Structure formats: structure tokens, C-alpha cells
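In: sequence first, predicted model second:
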Amino acid sequence: MKKNYILILYLLSFLSYSQEKIKTNFINYGKTKIEFNSTIKSFGENEILTDTFYAKWIFVKKEPNGNEQKMADAINPFEKEVKGNELGKIVFNSDGNEFTGIKYKCTSCNKFKFKILSFGKIDGELVILNICFLEEPKSNSDLDWLMKKFIILK
């Protein structure tokens, strides 16, 4: 009888540990709740990393003077930090909103080879979005499910 209790306790603790190990985490990006498992790393509420993709976003509380040039000026300090070649401008959708940015081929972005530094609005707030890829996304078919939460190419 005592062995049965020990066996039951052992099984319950194993089941409890197993459930905790496969726990799903989530972050919010605009209106989108992104659920993920332990293969994806999150660093706070505005940064996510996988083996092939990295995204970091910053909500700027007040839109600088309301025009697109001022919004572009908001990402200027980030552009100066990019080490690589500019490939050109890019327009895409993110969380159902149009974003504008610049695509780079990186020479020193850790393991990532391509970066898009962009801005747009979500719920009326300016968002600066920095996304990095291991491979250059040329079409939406190059994007996995997580990447598509942040970028849909036009």
C-alpha cells in the first residue's frame, strides 16, 4: 500500500513537471497575441528571437509632429548603428498597418544576414520595428508563421 502511494506521488510529480516544461508563453504585438513555446526566446514584452528571425519593436507614445518625415527621423539614430549595405526601401504590412523602412544586407548583425528597420502606426501610435532574418525574404512564401505576425510583404 505504501509503495502505491509513493508510485502515485512520483507519477503526479512527473506529470506536473511535464506540463510545466511544455508551457506556452505569449507576447502582444499591437492587436496580435503571439503564443510560442520554448524554442522561441522572448526578452521582455517587445523582443523575440528564433534561430532564423529576430524582432524588436518600440512604441513611441507621441507621434513626432504628425508627418512622415518626422517619423523617418525617429529611426535615424538606429540606422546609424547598422553595419552593412542598404538594399533599398521596403513597404509592407505589420499587424494590419502599412510600415515603411529600409532593407539592409548586414555585415555584423550577429548571425543574421538581413535587416529591415521600419516604422509605422498601430492604434495611432508610432512603432519602430527592427526585424532581422537569416535569409532574405523575397516573398511571403519565404516567411514562417512567426515572421508573418510581424511582416507581410506587398
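Out: Okay, I see it.
In: pull the longest strand from the chain.
Out: Criterion DSSP state E: the longest strand present in the chain is strand 97-109.
In: tell me the mean pLDDT over that strand?
Out: What strand 97-109 shows for mean pLDDT is 89.
In: who are the packing partners of the next helix or strand after it?
Out: Sequence-wise, the next helix or strand downstream of strand 97-109 (DSSP states H and E) is strand 112-122. When contacts are defined as 3 or more C-beta pairs under 8 Å, 6 or more residues apart in numbering; DSSP states H and E, strand 112-122 sits against helix 68-81, strand 84-94, strand 97-109, strand 125-133. Every C-beta, even on glycine, is put in place using the N, C-alpha and C of the backbone.
In: okay, the angle between strand 112-122 and strand 125-133?
Out: 160 degrees (axes from the mean of the first three to the mean of the last three C-alpha atoms, to 10 degrees).
In: chain center to strand 112-122: distance?
Out: 10 Å (C-alpha atoms, centre = their mean, to the nearest Å).
In: about what we covered before: export the longest strand of the chain as PDB, just CAs?
Out: Extracted as PDB, the C-alpha positions of strand 97-109 are listed here (Å, rounded to 0.1, in the frame of the first residue of the first chain):
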ATOM      1  CA  ASN A  97      -1.000  48.500 -40.900                       C
ATOM      2  CA  GLU A  98       1.400  49.900 -43.500                       C
ATOM      3  CA  PHE A  99       5.000  50.200 -42.500                       C
ATOM      4  CA  THR A 100       7.900  51.800 -44.400                       C
ATOM      5  CA  GLY A 101      11.500  51.000 -44.000                       C
ATOM      6  CA  ILE A 102      14.900  50.200 -45.400                       C
ATOM      7  CA  LYS A 103      16.300  46.800 -46.100                       C
ATOM      8  CA  TYR A 104      19.900  46.100 -45.400                       C
ATOM      9  CA  LYS A 105      22.400  43.300 -46.100                       C
ATOM     10  CA  CYS A 106      24.300  43.100 -42.800                       C
ATOM     11  CA  THR A 107      28.000  42.600 -42.300                       C
ATOM     12  CA  SER A 108      27.800  42.500 -38.500                       C
ATOM     13  CA  CYS A 109      24.200  41.600 -37.200                       C
END
